[in-house]
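Chemist: Have a look at this prediction, sequence included:
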Amino acid sequence: MALAQSKLTSQGQVSVPAEVRRKLGVGPGSVLEWSEEDGKIVVRRSGRYTTMDIHRAIFESPPDLRTLDELQEGVRNFIRRKHARR
């Protein structure tokens with residue numbers, strides 16, 4: 001049974017029905033991916049990456065945990081070095 005129907009315009013454009021947009025979680029500006037699987041055309045939302053996915057891809061191991069005092073001291077040292085007279 002079909003979830004919804006759309007018409008193809010003369011310019012090859014398709015409107016995505018509201019129910020399908022809700023199920024895919026897409027809106028204006030979203031990118032849809034079209035692929036063929038077992039002789040069927042499948043439409044899905046283009047891959048999204050969370051900040052954790054990106055962090056895991058960049059860093060091999062998790063960063064060392066630091067206290068708030070250590071973080072603030074690091075910021076102070078950075079500012080001192082950045083604005084130090086040479």
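Modeler: Looks like it arrived, so ask away.

Chemist: Residue 30 belongs to a helix?
Modeler: No - assigned with DSSP: H, G, I helix; E, B strand; the rest coil, residue 30 falls outside any helix and is coil.

Chemist: Around it, how many other residues sit close by?
Modeler: Residue 30: 13 surrounding residues under other Cβ atoms under 10 Å. Just so you know, the C-beta spots here come from the backbone N, C-alpha and C atoms, and that holds for glycine as well.

Chemist: again, but for residue 56
Modeler: When counting by other Cβ under 10 Å, one arrives at 13 neighbours for residue 56.

Chemist: Can I get the helix or strand it falls within in CSV? Just the C-alpha atoms.
Modeler: Secondary-structure element containing residue 56, defined by DSSP states H and E: helix 51-58. Listed next in CSV are the C-alpha coordinates belonging to helix 51-58 (Å, rounded to 0.1, in the frame of the first residue of the first chain):
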residue,chain,number,x,y,z
THR,A,51,29.1,16.6,16.7
MET,A,52,30.0,13.3,18.5
ASP,A,53,30.4,11.5,15.2
ILE,A,54,32.7,14.2,13.9
HIS,A,55,34.7,14.3,17.2
ARG,A,56,35.2,10.5,17.0
ALA,A,57,36.4,10.7,13.4
ILE,A,58,39.0,13.4,14.3
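
Chemist: most centrally placed residue in this structure?
Modeler: Taking Cα atoms, centre = their mean, the centroid of the chain lies closest to residue 48, which sits 3.2 Å from it.
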